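Asker: make a model of this:
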Amino acid sequence: MAQHKFVNTPPEVSPMPMKPEMTEIWEPEVKIVTAAKISGNAPSDAMILFDGKNLDQWVSKKDTNKPAAWKIVPGDYMEVVPGSGDIQTKMVFGDCQLHLEWSTPDEVVDGGQARGNSGVFFQNRYELQILDSYNNRTYRNGQAGSIYKDHAPLVNAVKSPLEWNVYDVIYTAPRFKADGRIDAPARITVFLNGVLIQNNATINGLTLYTGLHNYPSSHGDDVISLQDHGTKNQFRNIWIRKL
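Answerer: Just a heads-up that it's a prediction; the model follows:
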C-alpha cells in the first residue's frame with residue numbers, strides 16, 4: 001500500500017529550500033603537500049628512488065640479495081651496464097604516480113629495437129617502453145611511450161639522444177576477484193616531455209614478447225623494475241608517490 005501512495009513528482013515548493021552550506025564538505029581536511037620549487041622535482045610526500053647519489057633503493061633482479069650493478073655518475077645519473085641484468089626497487093608498489101627522466105646513448109649505432117632500448121615495468125609485469133624513437137622507425141606498439149606490444153603512444157614526443165626525456169605516469173593497478181580472475185584491468189596515463197601519450201589506457205595483461213597479453217594469475221603490490229636490454233641507457237631524478 002505504501003508503494004501506491006508514493007509520489008514521483010517533486011513538490012511545487014521545496015519543504016526545505018537549499019542553502020549554499022548544504023553542499024559544503026569540510027571534514028576531513030585535505031592533506032597539505034608542498035610542491036617542489038623547481039618543476040619536475042619531488043613534492044614533499046614523494047619517495048626518492050634515485051637522486052644521483054646512490055642505488056640504495058634498488059637491487060639486482062637476478063639476485064635480490066645483491067646490490068644493483070649499474071654505473072653511477074655521482075650527483076647526476078645512473079647508466080645501464082649491459083649484461084648486468086635488470087634492477088628493481090626494494091619496496092613494492094600498486095597505484096602510484098611515477099616521475100622518471102631517461103636518455104638513450106649519445107652515439108647512434110643501431111636501429112629499430114636495438115637502439116637505446118629499455119623499459120619501466122610496473123608491478124614487475126607491465127612494461128612502459130623506453131627506446132630511442134627519434135628518427136627511428138619500428139612497430140608502433142614497440143616504440144617509446146608504448147605499453148609494449150599492447151598500446152602505441154598517441155604521438156611520438158621523443159627528444160634526440162643528446163637530450164633528456166621525462167616520463168610522468170599515473171598508474172592504477174589491476175583488481176582481482178576472490179577466485180583470482182581479473183575484475184578490473186590495470187590502467188595508465190603517461191606524459192612524455194609534457195605531452196599526453198597514453199590517456200587512461202587499459203593494460204590488457206602481462207607484457208609478453210610473443211602471444212596475446214593476459215592476466216594469468218592474481219597478484220598484489222610488487223616492485224618497479226628497469227630493464228637492461230644491452231644498451232647504455234641513462235636514468236635520473238626518479239621519484240614516486242603512492243596513491
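
Asker: give me the beta-bridge partners of the most centrally placed residue in the chain?
Answerer: The structure's the chain has its C-alpha centroid closest to residue 169; by Cα atoms, centre = their mean the separation is 4.2 Å. Beta bridges link residue 169 to residue 98, residue 190 when assigned by DSSP bridges.

Asker: so it makes contact with residue 97?
Answerer: Yes. If you go by Cβ atoms under 8 Å, residue 169 and residue 97 touch, sitting 6.9 Å apart. All C-beta spots, glycine's among them, are computed from the backbone N, C-alpha and C.

Asker: which ones are touching the residue nearest to the centre of the chain?
Answerer: With contacts defined as Cβ atoms under 8 Å, 6 or more residues apart in numbering, the neighbours of residue 169 are 96, 97, 98, 99, 100, 120, 128, 188, 189, 190, 191.

Asker: now neighbour count, pLDDT and distance to residue 17 too, for the residues you listed, in TSV please.
Answerer: Listed next are these as TSV, based on neighbours: other Cβ atoms under 10 Å; pLDDT from 0 to 100; distance: Cβ to Cβ, whole Å:
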residue	neighbour count	pLDDT	distance to residue 17
96	19	98	45
97	16	98	42
98	22	98	48
99	21	98	48
100	22	98	53
120	22	98	54
128	26	98	52
188	21	98	46
189	16	98	41
190	25	98	47
191	18	98	45
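
Asker: for those, which one is nearest residue 210?
Answerer: Residue 210 has its nearest neighbour among those in residue 128, at 19.4 Å by Cβ to Cβ.

Asker: which SS state does the nearest residue to that closest one once chain neighbours are set aside fall under?
Answerer: Of all residues not flanking residue 128 in the chain, residue 120 sits nearest, at 4.6 Å (Cβ to Cβ, 6 or more residues apart in numbering). Following DSSP: H, G, I helix; E, B strand; the rest coil, we place residue 120 in the strand state.

Asker: ok, residue 120 touching residue 131?
Answerer: No. Counting by Cβ under 8 Å, residue 120 does not reach residue 131; the two are 11.7 Å apart.

Asker: what residues does the one helix or strand in the chain whose mean pLDDT sits lowest touch?
Answerer: Lowest by mean pLDDT, DSSP states H and E among the helices and strands of the chain is strand 71-73, with a mean of 95. Contact partners of strand 71-73, identified using Cβ under 8 Å, 6+ apart, comprise 52, 54, 55, 78, 79, 80, 81.

Asker: one more time with 10 Å
Answerer: 50, 52-55, 77-81, 84, 232, 234, 236 (Cβ atoms under 10 Å, 6 or more residues apart in numbering).

Asker: just send those back as JSON lines, with pLDDT, distance to residue 63 and secondary structure too.
Answerer: Supplementary listing: the contacts of strand 71-73 in JSON lines, determined by pLDDT from 0 to 100; distance: Cβ to Cβ, whole Å; DSSP: H, G, I helix; E, B strand; the rest coil:
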{"residue": "50", "pLDDT": "98", "distance to residue 63": "20", "secondary structure": "strand"}
{"residue": "52", "pLDDT": "95", "distance to residue 63": "25", "secondary structure": "coil"}
{"residue": "53", "pLDDT": "95", "distance to residue 63": "23", "secondary structure": "coil"}
{"residue": "54", "pLDDT": "96", "distance to residue 63": "19", "secondary structure": "coil"}
{"residue": "55", "pLDDT": "97", "distance to residue 63": "14", "secondary structure": "coil"}
{"residue": "77", "pLDDT": "97", "distance to residue 63": "24", "secondary structure": "strand"}
{"residue": "78", "pLDDT": "97", "distance to residue 63": "18", "secondary structure": "strand"}
{"residue": "79", "pLDDT": "97", "distance to residue 63": "20", "secondary structure": "strand"}
{"residue": "80", "pLDDT": "97", "distance to residue 63": "17", "secondary structure": "coil"}
{"residue": "81", "pLDDT": "97", "distance to residue 63": "15", "secondary structure": "coil"}
{"residue": "84", "pLDDT": "97", "distance to residue 63": "11", "secondary structure": "coil"}
{"residue": "232", "pLDDT": "96", "distance to residue 63": "22", "secondary structure": "coil"}
{"residue": "234", "pLDDT": "97", "distance to residue 63": "23", "secondary structure": "strand"}
{"residue": "236", "pLDDT": "98", "distance to residue 63": "25", "secondary structure": "strand"}
